[in-house]
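Engineer: Have a look at this fold, sequence not included:
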Ligand code: SF4
């Protein structure tokens, strides 16, 4: 079989997105994305740069590229791929960084990020997939929509008086001084695909040689939202789209340009910490903590307003004082208005691979929805502490060791129900054996400036500590 029809070596063998999709992509039949993915993968394989290549994926129809390309990959928030790619490129000077973005992503919400990355001449190659509309979300008007083109949000066609003119992004970027190569290609017919192969290969060679920024706009068919069959969609690029967006190389300085040196600078963490008043030497306690688990994975959950985020913050800050590696990850949003808010804390002596806590070994549930949501995720050797002042029923499917703590009642007795989180702090410190009561008190003295508040919180922490002593 000719190589062009074979699966590229730079693709995964199977695409494990979900059962039934192992062999095919998620793209619609006739979509230009698939052709572009194949060209990129073939050229990456041919240049032997697969191990160096790092893809930065967008939000949009290209979002799942990490299921296809067998290389490192990062997903960026909507419109931010060029900014993320900047960080990836600067921290991996030997990497070949590919930013893959659609027109809704790059030419609308991400315009600023894209233009400034280009203007800095970052070592990266940007693929800008232009299909004249927002594909993934159902075909809304994009900055690249043609005049007169009907979309779901321009049912009478794009008008220059209402929506402005189609944005010529490649021309804008070619007008900047820094970019090395700027081109527009098409993936709609064999002639255009052959030209696209050449341009993409040249762009990747520029990356291999560290010769700066490459921008390749790709006219790509979206039969689904154009409401055309794949053949008509390909013809429409020739007959209409390419008249607005002419195919060709707009700028190529690769032959006259040397490598763009961007040496990696090591951050001086000590200087930053000092600047922020967090210098470790001053605040570190000289004591080795004994942890009940190799890595402490806490989940603190409750209603917004119950102090679960600050409880996580307190545990994280205490852990940092003992020189542990620590992450703190809050989760809120609509939950702040009464649902389940939570914070995850990971603490340990080794570097932490992820701040996400899927299976907590210590769960604190301050309300019933939290216990029902996270309780079943705690493994058999984990601890579940629930607020028995507010929870009168516990789920039947809990595997971890369950402890009832009347946190709200104890906090109310100490002076305010709001101190329930500090009651919990005292309880888990003694239950897990991580911190001593005197250490908690010293921490609270530094945290609460107002004497009345401090007194309540000292009472609260000690009532939680005492409650754990009765177990
Ligand atoms: S919606 Fe359009 S761009 Fe998105 S996968 Fe389908 S054909 Fe391709």
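Structural biologist: That came through fine. The shown structure was predicted, so the numbers you read here are calculated from the model rather than taken from an experiment. Residues are numbered from 1 along each chain as shown.
Engineer: List the buried residues in stretch 256-264.
Structural biologist: residue 260 (16 or more other C-beta atoms under 10 Å). Yep, even glycine has a C-beta here, placed from its N, CA and C like the rest.
Engineer: what's that stretch in contact with?
Structural biologist: For stretch 256-264, contacts defined as C-beta atoms under 8 Å, 6 or more residues apart in numbering pick out 89-91, 93, 121-123, 180, 209-212.
Engineer: out of everything not next to it in sequence, what's closest to the closest residue to the ligand within the stretch 201-350 of the chain?
Structural biologist: Closest approach between the stretch 201-350 of the chain and the ligand, counting by C-beta to the nearest ligand atom: residue 222, at 3.2 Å. Ranked by C-beta to C-beta, 6 or more residues apart in numbering and with sequence neighbours excluded, the top spatial neighbour of residue 222 is residue 131, at 3.9 Å.
Engineer: neighbours around the one you found, how many?
Structural biologist: Per other C-beta atoms under 10 Å, the neighbour tally for residue 131 reads 30.
Engineer: What is the three-state secondary structure of residue 297?
Structural biologist: Under DSSP: H, G, I helix; E, B strand; the rest coil, residue 297 falls in the strand class.
Engineer: So it sits against residue 362, correct?
Structural biologist: Yes - if you go by C-beta atoms under 8 Å, residue 297 and residue 362 touch, sitting 7.1 Å apart.
Engineer: Now find how far off-centre stretch 288-308 is within its chain.
Structural biologist: 23 Å (C-alpha atoms, centre = their mean, to the nearest Å).
Engineer: And stretch 312-328, by the same measure?
Structural biologist: 23 Å.
Engineer: related to what we said a few turns ago, now do the residue nearest to residue 222 against the ligand, distance only.
Structural biologist: For residue 131, the distance to the ligand equals 5 Å [C-beta to the nearest ligand atom, to the nearest Å].
Engineer: Is it correct that that residue is in contact with residue 102?
Structural biologist: Yes - in this structure, residue 131 is within contact of residue 102 by C-beta under 8 Å, at 7.3 Å.
Engineer: So which bits of this protein are right by the ligand?
Structural biologist: With C-beta under 6 Å from any ligand atom as the criterion, the chain comes near the ligand at residues 27-28, 31, 33, 61, 131, 135-136, 222-225.
Engineer: which one among these gets closest to residue 306?
Structural biologist: When the residues of the chain next to the ligand are compared for distance to residue 306 (C-beta to C-beta), residue 136 wins out at 37.2 Å.
Engineer: pretty sure that closest one belongs to a strand, no?
Structural biologist: No - Residue 136: not assigned to a strand; according to three-state DSSP it is coil.
Engineer: Could you give the number of residues near the closest residue to residue 42 other than its chain neighbours?
Structural biologist: Leaving aside its chain neighbours, residue 42 sits nearest to residue 8 (4.8 Å; criterion: C-beta to C-beta, 6+ apart). Residue crowding around residue 8 was assessed by other C-beta under 10 Å; the count is 21.
Engineer: for residue 8, phi and psi?
Structural biologist: phi -70, psi 150 (degrees, to the nearest 10).
Engineer: And for residue 4, the neighbour number?
Structural biologist: 11.
Engineer: what's it in contact with, if anything?
Structural biologist: Taking C-beta under 8 Å, 6+ apart, one finds residue 42 in contact with residue 4.
Engineer: just use 806 as the starting number from now, easier for me
Structural biologist: Okay, residue one is now 806; in that scheme the one you just asked about reads as residue 809.
Engineer: thought residue 837 was touching residue 1023?
Structural biologist: Yes - the criterion here is C-beta under 8 Å, and residue 837 meets it with residue 1023 at 6.9 Å.
Engineer: These two - which one has more neighbours?
Structural biologist: residue 1023 (30 against 27).
Engineer: quick check, that one in a strand?
Structural biologist: Yes - counting by three-state DSSP, residue 1023 falls inside a strand.
Engineer: For it, list the residues it contacts.
Structural biologist: For residue 1023, the contacting residues are 837, 841, 932-935, 989-992, 1001, by C-beta under 8 Å, 6+ apart.
Engineer: One more: residue 1107?
Structural biologist: Residue 1107 touches 1113, 1145-1147, 1169-1172, 1175, 1192, counting by C-beta under 8 Å, 6+ apart.
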